[in-house]
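Student: mind folding the following:
(4 chains)
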2 protein chains.
Amino acid sequence: MPPRLIDIATSLGVSAATVSNVLSGKGRVSPELADQIRSEAERRGYAPGGPGRALRTGRSGVLGLVLPDLSNPLFPRMAQALEHESAAVGYGMLIADSHGNARNQQGAIARLLKSGADGIILVPRRGAQLEDCAAPLVIIDTPSSPDNTVSADHYQGGTLIVGHLTRFNHRSLVFVGESNLSGVQRDRIAGMRDALPSYCTARTVWLEQEGPAAVVAAVKQGATAIAATSDLVALRLLAVLEDAKIAVPQQVSLSGFDDLIFASVMRPTLTTVIADEFAIARNAIKALIAQIEGTDHLPPSAIPMTLIPRTSTTGTP
Amino acid sequence: MPPRLIDIATSLGVSAATVSNVLSGKGRVSPELADQIRSEAERRGYAPGGPGRALRTGRSGVLGLVLPDLSNPLFPRMAQALEHESAAVGYGMLIADSHGNARNQQGAIARLLKSGADGIILVPRRGAQLEDCAAPLVIIDTPSSPDNTVSADHYQGGTLIVGHLTRFNHRSLVFVGESNLSGVQRDRIAGMRDALPSYCTARTVWLEQEGPAAVVAAVKQGATAIAATSDLVALRLLAVLEDAKIAVPQQVSLSGFDDLIFASVMRPTLTTVIADEFAIARNAIKALIAQIEGTDHLPPSAIPMTLIPRTSTTGTP
DNA sequence: CTGAAAGCGCTTACAG
DNA sequence: CTGAAAGCGCTTACAG
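Tutor: As a prediction, this is how the structure comes out:
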């Protein structure tokens, strides 16, 4: 049995209220008594908390995280960063996987709340609309999406990659996304498109609609660089290009997004764009706790992304 | 405000005790009253729980998961499976990342317990020893490790891959692991070694000690197949082999473990061995809940692994 | 400066 | 079959 507040109190011959006051730093208690209580609490490894405090204060000290798909390699890093940041401010982290569909997303929120979460961090599935949430909520998505959103600046990330490719003298590009239902992917490609100098041309392929063959076709028609909205898409394209006997980066340059684990290990190594997940996590946790505790908080700004140049974009036309 | 037990009770003019009894199916209550109570509870979306119940029963309905490193692509799948199975039996799931070191591992357990976990599922860092745990505990590791362990049969997985390679007429093999501090990796390689027919030879390389050059050297000395203890190791070896102008699978076959996301997408596609993570998760959750609830439970058996043959092992000597 | 008392929402003997 | 009462561990006015 872990020690209870009352154990500390009786063993020192004081009241529970006094122990509670000292440990929470609230009421005024004589320095000597306070010291005694603190050292006794430390000696026995006591810290207030648990369901007693939760019941009394209405707060559990636990946050809930809804992820669209833990098996997608992008999200574990986000989960890791969020867990780290929430632990750093003394909160626990409950997780729920919505398996990428909107109904499960509502169900996941409900489960987390039932398990006692004081607030929710939601990484939405591609534009899945959220009905409502009976608790403080922060969304991690993309700056173009509605309120309460913390995110990387995916649009700016898109400009980065196009700047890099045009600097290598590419004039005919292909932008490749998986699904145009994804706000993140749309913003990345919007950034690419808007950063394109007027003397360049680009075509956008959504894999969900046209399939990878459209990318191969574009290359055969003269495109010399492919910018994908994720490393996983880039990896798939690399395989398709290899099958079509198109060499990367000699015949076509290729880039991704997110610096997934394989990007630095595969051959060629993959040029990619990354955001500081810990900065995003920190902003998200801060914004959520501000809501929970009712304190003020500056509206979160988008975290800038960074280009990581690698060998997959070292070719020139 | 969510409805409380007492809200249901007063709106029906009955006592809290009766509502509680009906909803938990315990005391005997007249069928009519029970029905009324149940439908009123459903109408208002009430379900017992929260800190009130936790305080009274001493259980929170939440499990804690300690992972060595969420950014390692092997673990998110395990986390996803565990979250799924725990949700299926009505438990929430708290996570904590131990960042791969033993001190954090103890800290992670402490944090989870403080956040209210009724029990802990621990995926240990490479043989990091666990001091002690003041709560029910289940470990997910490898069958050769101590009590309370649920796992895939990594040894048998090793035998699978060697059977596959020798069937393709390979007679000189290389087994490659990252670290021989890992029980999982040791067991996988033990299985490989024990499955090796007497007319074959094999050499084991631990990357941590010898580096990838030793693998290239072994191939130059005549080895025709490489069995790695993980897909990530296999991917790294593929890059090194490519740099050394050794073609996979034409000149050497290569296999991994775990079917990580890139294994089926890269070229060549990677032969690998996989376990049913959901079966492992189910066993682990069952074993943990049996401990928590004090019910009996059969000792968990090791989950068999399955070979997934792909193009990286289609070469023959 | 310190403590007695009430109460957060629930469940569990127990009495009727 | 139903309910009054106590109590899980804590915090918070409030009284002294």
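
Student: can you show me the CA trace of stretch A:233-251 as CSV?
Tutor: The C-alpha trace of stretch A:233-251 is given here as CSV (Å, rounded to 0.1, in the frame of the first residue of the first chain):
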residue,chain,number,x,y,z
VAL,A,233,4.8,8.1,-51.2
ALA,A,234,8.4,8.8,-52.3
LEU,A,235,9.4,5.3,-51.5
ARG,A,236,6.6,3.9,-53.5
LEU,A,237,7.5,6.1,-56.4
LEU,A,238,11.1,5.0,-56.2
ALA,A,239,10.0,1.4,-56.6
VAL,A,240,7.8,2.3,-59.6
LEU,A,241,10.6,4.3,-61.2
GLU,A,242,13.0,1.5,-60.7
ASP,A,243,10.6,-0.9,-62.3
ALA,A,244,10.4,1.6,-65.2
LYS,A,245,14.2,1.8,-65.4
ILE,A,246,14.3,5.4,-64.5
ALA,A,247,17.3,6.2,-62.3
VAL,A,248,17.0,8.4,-59.2
PRO,A,249,18.6,10.9,-59.0
GLN,A,250,20.4,10.6,-62.4
GLN,A,251,17.3,10.8,-64.6
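
Student: can you name the residues that contact A:Ala228?
Tutor: Counting by CB atoms under 8 Å, 6 or more residues apart in numbering or on different chains, A:Ala228 makes contact with A:175-177, A:234, A:237, A:254-257. Bear in mind the C-beta positions are built from the backbone N, C-alpha and C, glycine included.

Student: tell me what it is bridged to.
Tutor: Here A:Ala228 sits in beta bridges with A:Val176, going by DSSP bridges.

Student: and the most centrally placed residue in chain A, what pLDDT?
Tutor: For chain A, the residue nearest the mean C-alpha position is A:Met78 (3.9 Å; CA atoms, centre = their mean). With respect to pLDDT, A:Met78 scores 94.

Student: ok so it is a helix residue?
Tutor: Yes. A:Met78 sits within a helix when classified using DSSP: H, G, I helix; E, B strand; the rest coil.

Student: please report the number of neighbouring residues for the closest residue in space to it that isn't next to it in sequence.
Tutor: Residue nearest to A:Met78 in three dimensions, not counting chain neighbours: A:Glu277, with 5.7 Å by CB to CB, 6 or more residues apart in numbering or on different chains. Other residues lying near A:Glu277 total 22 when counted by other CB atoms under 10 Å in any protein chain shown.

Student: same question for A:Gly315.
Tutor: Around A:Gly315 there are 20 residues (other CB under 10 Å).

Student: as a markdown table, the contacts of A:Ala228 with pLDDT, neighbour count and distance to A:Ala214 would be great.
Tutor: Shown next, in a markdown table, are those (pLDDT from 0 to 100; neighbours: other CB atoms under 10 Å in any protein chain shown; distance: CB to CB, whole Å):
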| residue | pLDDT | neighbour count | distance to A:Ala214 |
| --- | --- | --- | --- |
| A:Phe175 | 98 | 27 | 12 |
| A:Val176 | 98 | 29 | 9 |
| A:Gly177 | 98 | 25 | 12 |
| A:Ala234 | 98 | 27 | 15 |
| A:Leu237 | 98 | 26 | 11 |
| A:Leu254 | 98 | 28 | 15 |
| A:Ser255 | 98 | 30 | 18 |
| A:Gly256 | 98 | 30 | 18 |
| A:Phe257 | 98 | 32 | 19 |
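
Student: pick out the most distant pair among those residues.
Tutor: A:Gly177 and A:Leu254 (14.3 Å; CB to CB).

Student: got a pLDDT number for whatever residue of the stretch 151-300 of chain A ends up closest to DNA strand D?
Tutor: As assessed by CB to the nearest atom of the strand, DNA strand D sits closest to A:Glu293 within the stretch 151-300 of chain A, at 11.7 Å. Per-residue confidence at A:Glu293 stands at 90 (pLDDT).

Student: how about it, what does it touch?
Tutor: A:Glu293 sits in contact with no residue, where contact means CB under 8 Å, 6+ apart.

Student: how about 10 Å then?
Tutor: A:59, A:118-119, A:136 (CB atoms under 10 Å, 6 or more residues apart in numbering or on different chains).

Student: same check on A:Val219?
Tutor: A:Val219 sits next to A:172, A:174, A:225-226, A:237, A:240-241, A:244, A:246, A:251-252, A:254 when contact means CB under 10 Å, 6+ apart.

Student: quick check: buried residues in whichever strand or helix holds it?
Tutor: In the assignment (DSSP states H and E), A:Val219 maps to helix A:213-220. Neighbour counts over helix A:213-220 (16 or more other CB atoms under 10 Å in any protein chain shown) mark A:214-216, A:218-219 as buried.

Student: quick check: mean pLDDT across that helix?
Tutor: Here the average pLDDT along helix A:213-220 is 98.

Student: any idea how far that helix is from the chain center?
Tutor: Distance of helix A:213-220 from the chain centroid (CA atoms, centre = their mean, to the nearest Å) equals 32 Å.

Student: could you export that helix as CSV, CA atoms only?
Tutor: Extracted in CSV, the C-alpha atoms of helix A:213-220 (Å, rounded to 0.1, in the frame of the first residue of the first chain):
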residue,chain,number,x,y,z
ALA,A,213,1.6,5.4,-63.6
ALA,A,214,0.7,9.0,-64.1
VAL,A,215,4.0,10.0,-62.4
VAL,A,216,6.0,7.7,-64.7
ALA,A,217,4.2,9.2,-67.7
ALA,A,218,5.0,12.7,-66.6
VAL,A,219,8.7,11.9,-66.3
LYS,A,220,8.7,10.4,-69.7
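
Student: re earlier: hmm, the residue nearest to the centre of chain A is touching A:Val123, no?
Tutor: Yes. Using CB atoms under 10 Å, A:Met78 is in contact with A:Val123, at 6.4 Å.

Student: any common contacting residues for the two?
Tutor: A:65, A:67, A:140, A:284.

Student: how about the second one: what's its closest non-neighbour residue?
Tutor: The shortest distance from A:Leu67 to any residue that is not its chain neighbour, by CB to CB, 6+ apart, is 4.9 Å, and that residue is A:Phe75.

Student: do the same with the third one
Tutor: In this structure, A:Ile140 finds its nearest non-sequential neighbour in A:Val123, 4.9 Å apart by CB to CB, 6+ apart.

Student: that neighbour: how many residues sit nearby?
Tutor: 21.

Student: ok, now which ones touch it?
Tutor: A:65-69, A:74-75, A:78-79, A:82, A:98, A:105, A:139-141, A:151, A:284.

Student: give me the buried subset of those residues.
Tutor: The buried subset of the contacts of A:Val123 - by 16+ other CB under 10 Å - is A:65-69, A:74-75, A:78-79, A:82, A:98, A:105, A:139-141, A:151, A:284.

Student: what about the residues you listed, which are in strands?
Tutor: Using DSSP state E, the members of these that fall within strands are A:65-67, A:139-141, A:151.

Student: which one among these gets closest to A:Thr271?
Tutor: Ranked by distance to A:Thr271 (CB to CB), those are led by A:Ser151 at 22.1 Å.

Student: hey, what's the closest one bridged with?
Tutor: A:Asp141.

Student: where do the helices of the stretch 201-317 of chain A begin and end?
Tutor: Ranges of helices within the stretch 201-317 of chain A are A:207-210, A:213-220, A:231-243, A:277-293, based on DSSP state H, counting those that start in this stretch.

Student: okay then, goodbye and thanks.
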